[in-house]
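S.K.: What follows is a protein structure lacking sequence information:
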């Protein structure tokens with residue numbers, strides 16, 4: 001599989017041909033979250049002027065107009081029947097003494113529907129937290145406190161009607177890319193309970209921020225809305241979470257990152273990190289399924305089918321061809337104005353034959 005990262009703004013993704021991408025999974029800068037002000041103002045100086053003039057609603061709209069250009073490019077590069085998945089949080093902010101909510105999810109839905117995207121049922125990502133002080137405002141006194149935002153949105157759009165499978169090869173790839181019955185029951189719920197993460201980005205010379213999303217989110221979405229060998233695009237690459245999920249899932253990926261100073265860190269992450277962690281991730285997926293089957297059998301419940309590729313029982317006939325493979329290598333192919341990697345996999349090694357050992361992870365769970 002091939003993975004490429006371009007270092008320029010995603011408002012113009014001219015390196016990607018029309019209708020050549022199978023899935024977009026991304027988490028853009030959140031308008032009206034203060035840490036993104038400078039990056040977005042650099043795209044349009046009128047944003048900075050709006051803040052200087054205490055006009056937050058104008059700033060909010062101008063920020064979204066920059067994101068609109070990216071959604072338009074996503075429409076261009078996506079194939080008919082493909083999906084656009086956007087992780088976005090709403091924002092609260094006090095400007096000129098006025099505290100207010102800014103509905104990023106609603107504004108993005110409106111923009112994408114204008115382009116022609118079909119909005120499907122969205123997912124509410126509830127970020128579990130142990131923080132004791134969840135309220136904002138006047139504490140225990142009425143009429144001056146505000147509820148806190150403990151969730152973000154994962155917006156799901158499709159371009160056109162359902163994907164069509166015309167060839168035997170495409171149909172076989174779809175079967176190989178199936179997921180377990182019990183995964184389906186969790187993934188296709190409209191509420192996801194996933195812990196947030198913090199990323200170790202102290203090597204990044206241009207920013208000090210905590211804006212990552214857990215690899216579980218793109219991992220699920222890539223499984224749900226693409227198949228092996230597909231091309232997954234992330235227009236806001238950051239530290240490569242979507243690319244890592246695509247690598248684990250045996251997909252190709254392409255990404256854009258506006259900050260060229262992140263290039264050395266991305267190169268280090270994708271060239272030499274996470275192979276053992278990726279394999280732990282896959283082994284744990286397999287082991288979790290075995291535990292599910294064992295528990296179901298203990299309860300004297302039926303598990304009808306066999307998956308010979310994974311050497312395990314499965315619930316449905318659609319799972320019998322499911323296969324996934326350990327990651328073998330990540331090789332740097334190009335390092336100039338872009339980064340290009342190639343990944344290879346152990347296609348002939350059984351999942352149960354290689355219980356890998358974790359040697360550290362880029363992602364650290366939030367306590």
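M.R.: Thanks, I have it. Computed from a prediction, not measured in an experiment: that's the story for all the values here. Numbering: from 1, shown residues only.
S.K.: Which stretches in the stretch 251-367 of the chain count as strands?
M.R.: Per DSSP state E, counting those that start in this stretch, the stretch 251-367 of the chain carries strands over the ranges 252-256, 305-307, 312-314, 327-335, 338-345, 363-365.
S.K.: which residues are contacting the third one?
M.R.: The set of residues external to strand 312-314 that reach it, using Cβ atoms under 8 Å, 6 or more residues apart in numbering, is 180-181, 286, 289-290, 293, 297, 303, 305-307, 320, 322. Any C-beta I mention is one placed from the backbone N, CA and C, and that applies to glycine too.
S.K.: mean confidence for that strand?
M.R.: What strand 312-314 shows for mean pLDDT is 96.
S.K.: Tell me which strands that strand pairs with, and in which orientation.
M.R.: Strands that pair with strand 312-314, judged by DSSP bridges, come out as strand 305-307 (antiparallel).
S.K.: Centre of the chain to the partner strand, how far?
M.R.: Averaging C-alpha positions (Cα atoms, centre = their mean, to the nearest Å) puts strand 305-307 30 Å from its chain's average.
S.K.: can I assume residue 227 is in contact with residue 171?
M.R.: No: in this structure, residue 227 is not within contact of residue 171 by Cβ atoms under 8 Å, at 10.0 Å.
S.K.: Dead centre of the protein: give me the residue that sits there.
M.R.: By Cα atoms, centre = their mean, the mean C-alpha position of the chain lies nearest to residue 218, the distance being 3.0 Å.
S.K.: tell me the residue furthest from the middle of the protein?
M.R.: In the chain, by Cα atoms, centre = their mean, residue 141 is the one farthest from centre (39.3 Å).
S.K.: Assumed that one was part of a strand.
M.R.: No: applying DSSP: H, G, I helix; E, B strand; the rest coil, one finds residue 141 to be coil, outside a strand.
S.K.: State the distance from it to residue 94.
M.R.: 18 Å (Cβ to Cβ, to the nearest Å).
S.K.: sorry, back to before: can you turn the buried part of the contacts of strand 312-314 into a ChimeraX selection?
M.R.: Applying 16 or more other Cβ atoms under 10 Å to these, the buried members can be selected in ChimeraX as follows:
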select :180,181,286,289,293,303,307,322
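S.K.: Which of the contacts of strand 312-314 sits closest to residue 163?
M.R.: residue 322 (18.5 Å; Cβ to Cβ).
S.K.: OK, contacts around that closest one?
M.R.: Residue 322 sits in contact with 175, 176, 177, 178, 179, 180, 307, 309, 310, 314, where contact means Cβ under 8 Å, 6+ apart.
S.K.: ok, now residue 237?
M.R.: 5, 243, 255, 256, 257, 266.
S.K.: give me that answer again for 6 Å
M.R.: 5, 255, 256, 257 (Cβ atoms under 6 Å, 6 or more residues apart in numbering).
S.K.: Setting aside sequence neighbours, what's the nearest residue to it?
M.R.: residue 255 (3.6 Å; Cβ to Cβ, 6 or more residues apart in numbering).
S.K.: So what sits opposite the one you found in the bridge?
M.R.: The partner residues for residue 255, given DSSP bridges, come to residue 5, residue 234.
S.K.: any idea how far it is from residue 317?
M.R.: 36 Å.
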